[in-house]
Structures are given as C-alpha cells and as structure tokens.
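Colleague: just coords:
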C-alpha cells in the first residue's frame, strides 16, 4: 500500500470556498443534465450537505467536514473521506473525488455520467 500524500494546508476560509465550489459545480452539472434530458437526479442541499437522489431510489450523500477540512461521500459502494492535495480532493487510497463520484453516480444511474472539477 502506498503512502497517502499529505493534505495541502488550507485556511478555514479557503476550505469553505473550495468545498462550496465543488458542491456548486455538482449542482450545476446535474441541472444541465436535467435540461438536456440526460437524467433526472434530484438534489437537496442544506449548508455543506448535498444529497443526490437517483430515479431508482438510491442516493449519494456529499458532506463537508469543516473541523477536519475533508469532503465526505457516501454511496452504495461505500463511504469515502477526501482531503485537499495540490488542487485535488484525494482519499486515503489515492482515489480522486470527481473520478469516484462519476463512477458511483454511473453505477447508481445505470448509465455513464461524468462530473468534472470546478475550473
């Protein structure tokens, strides 16, 4: 097992800005898919928590963890904790957040879906 890279130090304000941008990007992607009739995923955002509800009744829950400066994802295949490393959100196994979110969403939607990080 390879060592997980160390998290990039962030101030609380930087952490809030980065996680807000991530959640906003996910919401805008889902809104675009709805407009383009790709898939109807319902979203519910409460502060730093974003719940994605798929047509088959399954969910993905994304949650910010300000005290830890982490971003968490809970999906059918499991729960994941991501920390910010050099501009990307990486979990303890080295997996990148948007790649994992895309894989989980595709699995739960039954079709290929791709999320991309904010620019």
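Modeller: That came through, no problem. What you are looking at is a predicted structure, and each value in this text was computed from that prediction instead of being measured.
Colleague: next SSE after the longest helix seen in the chain?
Modeller: The longest helix of the chain (DSSP state H) is helix 12-35. Per DSSP states H and E, the first helix or strand lying C-terminal to helix 12-35 is strand 42-46.
Colleague: May I have the strands that pair with that following strand, each with its orientation?
Modeller: Paired neighbours of strand 42-46 in the sheet (DSSP bridges): strand 49-53 (antiparallel).
Colleague: Tell me how far the partner strand lies from the chain's centre.
Modeller: Relative to the mean C-alpha coordinate of its chain, strand 49-53 is positioned 10 Å out (C-alpha atoms, centre = their mean, to the nearest Å).
Colleague: now what about the longest helix of the chain, what contacts it?
Modeller: The contact list for helix 12-35 (C-beta atoms under 8 Å, 6 or more residues apart in numbering) reads 10, 38-41, 43, 45, 48, 50, 52, 62, 64, 66, 69, 71, 84, 89, 97, 101, 113, 115-118. All C-beta spots, glycine's among them, are computed from the backbone N, C-alpha and C.
Colleague: Enumerate the positions of that helix that are buried.
Modeller: 15, 18-19, 22-23, 25-26, 29-30 (16 or more other C-beta atoms under 10 Å).
Colleague: what angle sits between it and strand 42-46?
Modeller: 160 degrees (axes from the mean of the first three to the mean of the last three C-alpha atoms, to 10 degrees).
Colleague: Could you give the average pLDDT over helix 12-35?
Modeller: Mean pLDDT, helix 12-35: 97.
Colleague: now it, how far from the chain's geometric center?
Modeller: Between the centre of helix 12-35 and the centre of its chain there are 9 Å (C-alpha atoms, centre = their mean).
Colleague: Excluding chain neighbours, give the residue nearest to residue 44 in space.
Modeller: Once flanking residues are discounted, residue 44 sits nearest to residue 51: 4.5 Å by C-beta to C-beta, 6 or more residues apart in numbering.
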